[in-house]
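Asks: Provide a 3D model corresponding to the input given below.
(one chain, ligands or ions: 1)
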Amino acid sequence: MNGDLAGALSLIKDIEGKITADMSVLKACDFVVCPPFVHLSTVKEHAKACTLGAQDVSEKPNGAVTGDISGAMLANIGVHYVILGHSERRQFHKEADELVAAKALAAHAHGLVTIVCVGETESEREAGIQNDVVGKQLAGSLAAGTSHKNTVIAYEPVWAIGTGKTATPEDVRAMHAFIRGELVSKYADAQDFRILYGGSVKPSNAAEIFAVEHVNGALIGGASLKAEDFLGIAVCC
Ligand code: PGA
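Replies: Numbering: from 1, shown residues only. So this is what the prediction gives:
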């Protein structure tokens with residue numbers, strides 16, 4: 001919920017300009033930009049190297065659901081990805097795993113790729129129960145029919161989002177290996193899932209995060225609001 005229309009427009013133009021100025025970045029990464037709903041159509045007009053994503057979707061197919069946006073509506077305007085179960089949705093909108101899974105199902109029905117977020121709070125990490133928390137979120141938030149083709153996992157420790165605190169490479173390694181293991185126990189194509197890390201990723205720490213095994217990309221919040229920082233992260237891919 002950052003910025004305004006003029007800001008969204010200048011940001012996408014800036015990002016696109018920088019990517020096309022350095023095509024090697026484009027070859028190394030897939031770029032997805034996920035602006036607020038109201039800016040999707042405007043951003044879409046300028047997104048050529050970047051694919052479009054949304055930040056949420058309704059679990060309902062259509063009808064009288066005031067204030068919600070359906071998977072069909074997103075697909076219809078050229079959206080390909082949707083972030084689900086972000087910790088801010090879980091915290092401020094009380095979204096539980098079952099709802100995240102229902103939203104994923106609704107999104108997949110329209111060909112959208114879901115970016116399903118999981119992650120423990122600071123107190124859960126201090127209590128040493130981060131694997132239990134993330135394991136439960138994974139078990140509950142992934143819809144029937146999930147595969148690497150329609151789902152990306154994003155590990156976002158809540159205490160690292162927007163705080164400037166980043167998980168250590170060892171924390172990231174341990175959790176991403178755990179997530180891969182959970183996927184292996186359930187999906188034949190587990191090794192092909194992308195597992196993103198999110199939480200205070202910036203140009204200065206991106207290289208060491210991307211070097212960690214089972215880190216297949218990043219979900220970037222604050223740093224994505226500046227084209228220079230966004231691209232500064234991408235070049236570390
Ligand atoms: P951050 O946000 O990069 O600002 O920590 C991450 C997120 O909101 O997913």
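Asks: measure residue 228 to the ligand for me?
Replies: In this view, residue 228 and the ligand are 15 Å apart by C-beta to the nearest ligand atom, to the nearest Å. C-betas here are computed from N, CA, C, even on glycine.
Asks: can I get the CA coordinates of the helix or strand encompassing that residue in PDB?
Replies: Element membership for residue 228 (DSSP states H and E) is helix 227-234. Provided in PDB are the C-alpha atoms of helix 227-234 (Å, rounded to 0.1, in the frame of the first residue of the first chain):
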ATOM      1  CA  ALA A 227      14.300   0.800  -9.400                       C
ATOM      2  CA  GLU A 228      18.000   1.100  -8.600                       C
ATOM      3  CA  ASP A 229      17.800  -1.100  -5.500                       C
ATOM      4  CA  PHE A 230      15.500  -3.600  -7.300                       C
ATOM      5  CA  LEU A 231      18.000  -4.000 -10.100                       C
ATOM      6  CA  GLY A 232      20.900  -3.900  -7.700                       C
ATOM      7  CA  ILE A 233      19.400  -7.100  -6.200                       C
ATOM      8  CA  ALA A 234      18.700  -8.700  -9.600                       C
END
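Asks: that one - contacts with which helices or strands?
Replies: Identification of packing neighbours for helix 227-234 by 3 or more C-beta pairs under 8 Å, 6 or more residues apart in numbering; DSSP states H and E yields helix 5-21, helix 23-28, helix 203-210.
Asks: counting by contacts, list what the longest one packs against.
Replies: Yep, that's helix 5-21 we're talking about. helix 23-28, strand 31-33, helix 40-46, strand 50-54, helix 227-234.
Asks: surely residue 176 touches residue 197?
Replies: Yes. The pair residue 176 / residue 197 is scored as a contact, 7.1 Å apart, by C-beta atoms under 8 Å.
Asks: now the common contact residues for those two.
Replies: By the contact definition C-beta atoms under 8 Å, 6 or more residues apart in numbering, residue 176 and residue 197 are jointly contacted by 155, 212, 215.
Asks: ok, now how distant is the second one from the ligand?
Replies: Which is residue 212. For residue 212, the distance to the ligand equals 17 Å [C-beta to the nearest ligand atom].
Asks: contacting residues for residue 159?
Replies: So residue 159 contacts 120, 121, 122, 125, 165, 199 (C-beta under 8 Å, 6+ apart).
Asks: from the shared contacts of residue 176 and residue 197, which land in strands?
Replies: residue 155 (DSSP state E).
Asks: only whichever of the shared contacts of residue 176 and residue 197 are buried, select them in ChimeraX.
Replies: Selection of buried members from the shared contacts of residue 176 and residue 197 for ChimeraX, criterion 16 or more other C-beta atoms under 10 Å:
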select :155,212,215
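Asks: what does the chain have sitting close to the ligand?
Replies: Residues of the chain lying close to the ligand (C-beta under 6 Å from any ligand atom) are 156, 161, 162, 198, 199, 200, 201, 219, 220, 221, 222, 223.
Asks: thought the first one was touching residue 118?
Replies: In other words, residue 156. Yes. Here residue 156 reaches residue 118: they are 7.3 Å apart, a contact under C-beta under 8 Å.
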